[in-house]
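Student: Fold the following and give me the result.
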Amino acid sequence: MKSVAILSLLAGSAAAFAPSPVSNAATSLKVSADLNGMVGTSAETGGKIFDPLNLSDWIPADRARAAELANGRSAMLATVGYVFPKYFGHFDGSVSVDDPIAAIGQSDLQWWAQFVIFCGTIEAYKYRQELDGKSSTGGGEPAIDWMKMYPADEKGRKEMELKELKNGRLAMLGIAGFVSAHFIPGAVPVGPGF
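Tutor: Numbering: from 1, shown residues only. Next comes the predicted model:
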């Protein structure tokens, strides 16, 4: 009886390693038509639209791209702001630490008010330019291009838009890593002092 039980257990566990039947059915992601032709598909995404959660079914593609660009631009600035005090020091004023998270709490209320007003002014200017037919997300004349760096030819514009998108995506991951490493020491393998 004991040997029958052992044999049945062994037979059952061996079935776990048997090959399963392979289905030849092809699968594909359902992609919103709004995403076709958008900048952002390249080698990192396998030349395809990356939308595994089908968010494009719920959010208009142009609004999602505008949000991605805005968050990417903010993350690029945040990454510079996180690294700058650690390697170059900080400006004179009420902030006396090199730790960016602690510096947030040490900043004067007046500084925060100026920062919010400055950001609101830039956003209002962008909004006004968009009402005049300019774009802050690519695909037309730029809303803000004070340095005249936006290329005139279509190929150069697509290339610059892709670079901005990729740098923004990288910065979003970077600042998330910095903040995670700050609150969970040793959780993110980055250089010393971060």
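Student: What helices and strands are in contact with the top helix by length along the chain?
Tutor: In the chain, taking DSSP state H as the definition, the longest helix is helix 154-183. Of the remaining helices and strands, those touching helix 154-183 by 3 or more Cβ pairs under 8 Å, 6 or more residues apart in numbering; DSSP states H and E are helix 61-88. Bear in mind the C-beta positions are built from the backbone N, C-alpha and C, glycine included.
Student: Flag the shaky bits of the chain, pLDDT-wise.
Tutor: Low-confidence segments of the chain, defined by pLDDT under 70, span residues 1-37, 190-194.
Student: quick revisit: got the buried residues for the longest helix of the chain?
Tutor: If you call a residue buried by 16 or more other Cβ atoms under 10 Å, then helix 154-183 has these buried ones: 157, 160-161, 164-165, 167-169, 171-172, 174-175, 177-178, 181-182.
Student: Pick the one among the residues you listed closest to residue 52.
Tutor: Relative to residue 52, the closest of the buried residues of helix 154-183 is residue 169; by Cβ to Cβ it sits at 15.2 Å.
Student: circling back to that earlier point, can you name the two of the buried residues of helix 154-183 that are farthest apart?
Tutor: For the buried residues of helix 154-183, the farthest-apart pair by Cβ to Cβ is 157 and 182; their separation is 37.2 Å.
Student: That'll do, ta.
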